[in-house]
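Peer 1: Have a look at this prediction, sequence included:
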Amino acid sequence: MNTELRSQLEQRAAKHAALADPARLWIVDLLALGDVSPGDLQSTLHMPSNLVAHHLKVLEGEGIVVRRRSEADRRRSYVHLLPDAFTDIIPGVAGSAHRVVFVCTANSARSQLAAALWEQASSIPAASAGTHPAERVEPGAIDAARRHDLALQATTPRLLGDVLSGDDLIITVCDNAHEELGARSGLHWSVPDPVRVGTDAAFDAAFEDIARRIDDLAPRLANA
């Protein structure tokens, strides 16, 4: 682990530690709604002033809150939750990629949906492939894309070996494909196979699972 990464992790850990107290979480919840004076926090939390002051000092020390003097009565202050207080405690940059290749066994549903969703969320190119391609894209996947207003350019399922380049980031969206590829697999999303169930609900659940994961990863993956 390099020095810069260790420093970033330590800073994130310190913020998590500052929030690892029920009273401080309560304070943050209140401040998420609006600015509150220390005196009002004392009344709301039923807590002595010295303890409120301690919790605020911890939160201030980690860059989570700041106190501002009242423009009406300079003897009074308000505690304000900083807008970027939590940006550096969520998972950080995930790396970079020239292209993302989504892989499942048949390349007939999950990987096709994932590639189409990725193209909406990121400027990094995407493709999809299968370890054992089917003859066609599942109608259930096409219907799910239509229900969610996704432009799915359903192509004939393709073999991974015919699609993959050396610098691609592989994301398996199928347990079978992930375990078959082993060390070759990059990231893995364990998305249940909707084809086995065959219902609209199963395809919608797979769609929503993949969409949520892409919304999380895409902003954190840089274009190489």
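Peer 2: Thanks, I have the structure now.
Peer 1: If we go by neighbour counts, what in stretch 24-40 is buried?
Peer 2: Arg24, Ile27, Val28, Leu30, Leu31, Asp35, Val36, Pro38 (16 or more other CB atoms under 10 Å). For glycine as for every other residue, the C-beta is placed from the backbone atoms N, C-alpha and C.
Peer 1: what's the domain layout of this protein?
Peer 2: According to automatic domain parsing, the chain comprises the domains 3-81, 95-223.
Peer 1: and these as a markdown table, adding distance to Thr87 and mean pLDDT?
Peer 2: Conversion of the domains of the chain to a markdown table gives the following (distance: least, CB to CB, whole Å; pLDDT from 0 to 100):
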| stretch | distance to Thr87 | mean pLDDT |
| --- | --- | --- |
| domain 3-81 | 10 | 92 |
| domain 95-223 | 11 | 94 |
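Peer 1: So which of these is nearest Ile89?
Peer 2: Of all those, it is domain 3-81 that lies closest to Ile89, at 4.7 Å by CB to CB.
Peer 1: Span of the closest one from start to end?
Peer 2: 30 Å (CA to CA, to the nearest Å).
Peer 1: Same check on stretch 130-143?
Peer 2: End-to-end for stretch 130-143, by CA to CA: 20 Å.
Peer 1: got the contact list for it?
Peer 2: 103-113, 152, 154-160, 176-177, 180-181, 194-195, 198, 200, 202-203 (CB atoms under 8 Å, 6 or more residues apart in numbering).
Peer 1: Separate out the buried members of these.
Peer 2: Buried subset of the contacts of stretch 130-143 (neighbour count, 16+ other CB under 10 Å): 103-113, 152, 154, 157-158, 160, 177, 180-181, 194-195, 202-203.
Peer 1: Okay, and which of these map to helices?
Peer 2: Among the buried ones among the contacts of stretch 130-143, the residues falling in helices (DSSP state H) are Arg110, Ser111, Gln112, Leu113, Leu160, Ala177, Glu180, Leu181, Pro194, Val195, Ala202, Phe203.
Peer 1: can you put these in a markdown table and add distance to Met47?
Peer 2: Shown next, in a markdown table, are those (distance: CB to CB, whole Å):
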| residue | distance to Met47 |
| --- | --- |
| Arg110 | 50 |
| Ser111 | 53 |
| Gln112 | 55 |
| Leu113 | 50 |
| Leu160 | 59 |
| Ala177 | 53 |
| Glu180 | 56 |
| Leu181 | 54 |
| Pro194 | 50 |
| Val195 | 55 |
| Ala202 | 49 |
| Phe203 | 50 |
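Peer 1: rewinding a little: and the two most separated of the buried residues of stretch 24-40?
Peer 2: Applying CB to CB across these, the maximum distance is between Arg24 and Asp35, 16.5 Å.
Peer 1: which stretches of the protein form helices?
Peer 2: 3-19, 22-31, 38-45, 49-61, 110-121, 139-147, 160-163, 175-181, 194-197, 200-217.
Peer 1: For the first one, give me every contacting residue.
Peer 2: Just to be clear, that refers to helix 3-19. 1, 24-25, 28, 58-59, 61-64, 86, 88-89, 92.
Peer 1: Next: the longest one.
Peer 2: Outside of helix 200-217, the residues that reach it under the criterion CB under 8 Å, 6+ apart are 91, 94, 109-110, 113-114, 117-118, 121-122, 138, 140-141, 143-145, 147-148, 150, 173, 187, 189, 191-194, 196.
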